[in-house]
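>>> Next one to model:
(2 chains)
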Amino acid sequence: MHVNAKTFWLPKSGNAIEEYEDAAYPFELFDAEVAEFKCAVADGATETSFAGLWAQLLVEGFAEKHPLKLLRERWNADVRQKDLPWYAEEKLEKGAYAALAGLHLKKGRGKKNSYLIEATGDCCVFHVRDNEMISSFPMLRSEEFHNAPALICSHEDARVDAQMEKLSKKGEWKDGDTFFLLTDAIACWALKREEELQDMTNVLQNIETHDDFCRLVGEERQSILEDGRAAMKNDDVTLLCVTVCT
Amino acid sequence: MPYTAEISRTNPSCFLFLIDQSGSMQEPFGSADGAAAGGKTKAEGLADAINRLLQNLVIKCAKSDGIRDYYHVGVIGYGGKGVGPAFGGALKDKDMVPVSEIANNPMRVEQRVKKTDDGAGGIIEQKIKFPVWFDAMGEGGTPMCTAFITANKLLTKWISEHPNCFPPIVINISDGESSDMDPYQAACDLLSLASTDGEVLLFNLHLSSSKEKAIEYPSSDENLPDDHSKLLYSMSSLLPEYMQKMLSQEGLPVTYYTRGFVFNADLVSVIRFLDIGTRPANLR
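This is a model prediction of the structure:
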């Protein structure tokens, strides 16, 4: 199978590039013949510390099938090397949190080509065929997004782990299908756009360059809805577009 | 829609605490609550709660690259020594201070012992660092009216410098009645201050010296016992929608008319209110 994957990303408006705390894998353009392909996006929680590092470990861990225990050890080993003031040390004790959505594409040995989506929290995967969205997972509608999604913690905590809710979905892909992996702000915006104007897949598929992406996100962050809120919440945004051909 | 402004380093918000430092604050909490407060006086229990709150605010604003100044914070004391900034150490005499300055300038860092669950049915004692910015104090009268006038001056300046900020939140904590003047008009003047995102929020916590049960977040003054409690209720803001949701998630009954007011608060109630009242709405 042939896979083409492109990642677009932007930090929150007003924040520096190095303050971006989402993550994507692959982060650079991927275009190759492969027997299987894994990709993921993650959203580090703003209120936690070293959340960008945790999001990065989670997407790499998904792609390389590393167990959560190993990722937690790596996060802890990395952050504890640093010489930190009292408040940063206290914050480390609370751990970092992130939402994650990963996609695993496989070429079928017989006729069926399969995919598996795994998600914790409110990062989403849309499956698009012939310009129509045929599924959205794990969130189905824009009103499902809220400020307290299930998250993966960098510390082992039985109580948090019990609420982690790793959801999964299996399905079949066909020649020319596209998958979009999105972090919460752009996923919520995209679902609302689809509910109201039914043109979301067109808009996403027309993004070819970083400038296209910046223009869209900039306009939607500025656009104010009737309830006074911005059409797209000012948050780090990440969009990973994956097209697969037999 | 009010109370939706983004709180960021370029558009910070602020908290202003007005703390009763009158003589009656040297008395213990009401007996039932005294146990929860570990036998401490109201002044000591409140100082611990404020120091813990400042510590939590600092930690909330801490990121891997340092402290982000999402908030500026002021602590104004009022009592026998007059009305003025209550920070100690390097922050002495400062009224509004960015969180990063608070983080880097505790008056001292105490070692305290915290009892925690050992995960096997037992209790273990753990040493923790406890930064202190503000010491317990209590003498003389309760010049609450002057405290509101001082808050008005500070926030008029703050809002002129941050016209689009998430509205400042003022939390007044006292165990008694105002001894200088009737504070009603001064509180109304304070409540009329507004940024483009809404009016200043004023919450009042009345500390208990009795065994009476606390009355938390009332939606009318019907069940309040006296004129003083009714006055404090009338000077407290209606809770904005995001706070109504938070209280509701905590399992507390709320209506459109619920006000940020607690009467006969014990220490647990104070800590809970400080947590809810300072939880961010829209942090970037």
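
>>> C-alpha only now, for contacts and for neighbours.
Will do.

>>> Close to chain B: what parts of chain A are there?
For chain A, the residues found near chain B under the criterion Cα under 8 Å from any Cα of the partner chain are A:12, A:14, A:46-50, A:87-88, A:90-91, A:227-229, A:234-235.

>>> hmm, 7 Å instead?
Taking Cα under 7 Å from any Cα of the partner chain as the measure of proximity, chain A contacts chain B at A:47, A:49-50, A:87-88, A:91, A:227-228.

>>> So which of those residues is the closest to residue A:19?
Compare each of the residues of chain A next to chain B with residue A:19 using Cα to Cα and the shortest gap goes to residue A:50, at 10.2 Å.

>>> Excluding residues flanking it in the chain, which one is nearest that closest one?
residue B:64 (5.3 Å; Cα to Cα, 6 or more residues apart in numbering or on different chains).

>>> for residue A:19, same thing?
Excluding the flanking residues, the one nearest residue A:19 by Cα to Cα, 6+ apart is residue A:11, at 6.9 Å.

>>> ok, the one you found - contacts?
Contact criterion Cα atoms under 7 Å, 6 or more residues apart in numbering or on different chains gives A:17, A:19-20, A:235-237 as the residues in contact with residue A:11.

>>> Residue 146: helix or strand, and which one exactly?
Going with chain A. Under DSSP states H and E, no helix or strand contains residue A:146.

>>> Oops, wrong one, chain B.
Counting by DSSP H and E, the element that carries residue B:146 is helix B:144-161.

>>> Quick one: distance of that helix to the chain centre.
Taking Cα atoms, centre = their mean, to the nearest Å, one finds helix B:144-161 lying 15 Å from the centre of the chain it belongs to.

>>> measure residue A:246 to residue B:58 for me?
Computed as Cα to Cα, to the nearest Å, the residue A:246 to residue B:58 distance reads 53 Å.

>>> ok, the two, which is more surrounded?
For residue A:246 against residue B:58, the residue with the higher neighbour count under other Cα atoms under 10 Å in any protein chain shown is residue B:58, and the figures read 27 against 14.

>>> The more buried one in helix, strand or coil?
Using DSSP: H, G, I helix; E, B strand; the rest coil, the three-state assignment for residue B:58 comes out as helix.

>>> Touching, it and residue B:99? I think so.
Yes. Contact between residue B:58 and residue B:99 holds when scored by Cα atoms under 7 Å: they sit 6.1 Å apart.

>>> all strands in chain A, in order from the N-terminus.
Across chain A, reading from the start of the chain, the strands by DSSP state E fall at A:2-10, A:22-25, A:30-33, A:36-44, A:97-106, A:113-120, A:124-129, A:132-137, A:152-153, A:167-173, A:177-182, A:237-245.

>>> again with the stretch 101-250 of chain B
All strands of the stretch 101-250 of chain B, identified by DSSP state E, counting those that start in this stretch, fall at B:108-117, B:123-132, B:169-174, B:194-195, B:198-199, B:201-207, B:215-216.

>>> and these as TSV, adding mean neighbour count, distance to residue B:6 and mean pLDDT?
Below are those laid out as TSV (neighbours: other Cα atoms under 10 Å in any protein chain shown; distance: least, Cα to Cα, whole Å; pLDDT from 0 to 100):
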stretch	mean neighbour count	distance to residue B:6	mean pLDDT
strand B:108-117	12	32	82
strand B:123-132	15	29	83
strand B:169-174	24	15	92
strand B:194-195	21	13	96
strand B:198-199	20	13	94
strand B:201-207	25	16	91
strand B:215-216	18	29	88
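
>>> and residue A:201, which of these is closest to it?
Short answer: strand B:198-199, nearest of those by Cα to Cα, at 37.8 Å.

>>> and the closest one, which strands flank it?
According to DSSP bridges, strand B:198-199 forms sheet pairs with strand B:194-195 (antiparallel).

>>> Within range of chain A, give me the residues from chain B.
Residues of chain B lying close to chain A by Cα under 7 Å from any Cα are B:1, B:58-60, B:62-64.

>>> Pull out the buried residues from the residues you listed.
Burial by neighbour count, judged by 16 or more other Cα atoms under 10 Å in any protein chain shown, picks out B:58-60, B:62-64 from these.

>>> Nearest to residue B:117 among the residues you listed?
The shortest distance between residue B:117 and any of those, using Cα to Cα, involves residue B:59 and amounts to 22.7 Å.

>>> residue contacts, the closest one?
A:87, A:91.

>>> Report pLDDT for it.
In the prediction, the pLDDT value recorded for residue B:59 is 89.

>>> One more: residue B:119?
pLDDT, residue B:119: 69.

>>> ok so, going back, in CSV, list the residues of chain B next to chain A along with distance to residue A:166.
As requested, the residues of chain B next to chain A are arranged in CSV below (distance: Cα to Cα, whole Å):
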residue, distance to residue A:166
B:1, 35
B:58, 32
B:59, 29
B:60, 27
B:62, 29
B:63, 27
B:64, 27
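
>>> that older thread, so of the strands of chain A, which one's packed in deepest?
Highest mean neighbour count among those (mean count of other Cα atoms under 10 Å in any protein chain shown): strand A:22-25, with a mean of 28.

>>> from the middle of its chain, how far away would the strand or helix carrying residue B:84 be?
Using DSSP H and E, the element containing residue B:84 is strand B:82-85. Between the mean C-alpha location of strand B:82-85 and the chain-wide mean there is a distance of 16 Å, by Cα atoms, centre = their mean.

>>> Mind giving me the packing neighbours of the helix or strand following that strand?
Elements were assigned by DSSP H and E; along the chain past strand B:82-85, the next helix or strand is strand B:97-98. Other helices and strands packing on strand B:97-98, by 3 or more Cα pairs under 7 Å, 6 or more residues apart in numbering or on different chains; DSSP states H and E, are strand B:71-79.

>>> what about residue 187, neighbour count?
Answering for chain A, as no chain was given. Other residues lying near residue A:187 total 27 when counted by other Cα under 10 Å.

>>> Chain B, not that one
One way to gauge burial is a neighbour count; for residue B:187, by other Cα under 10 Å, it gives 22.
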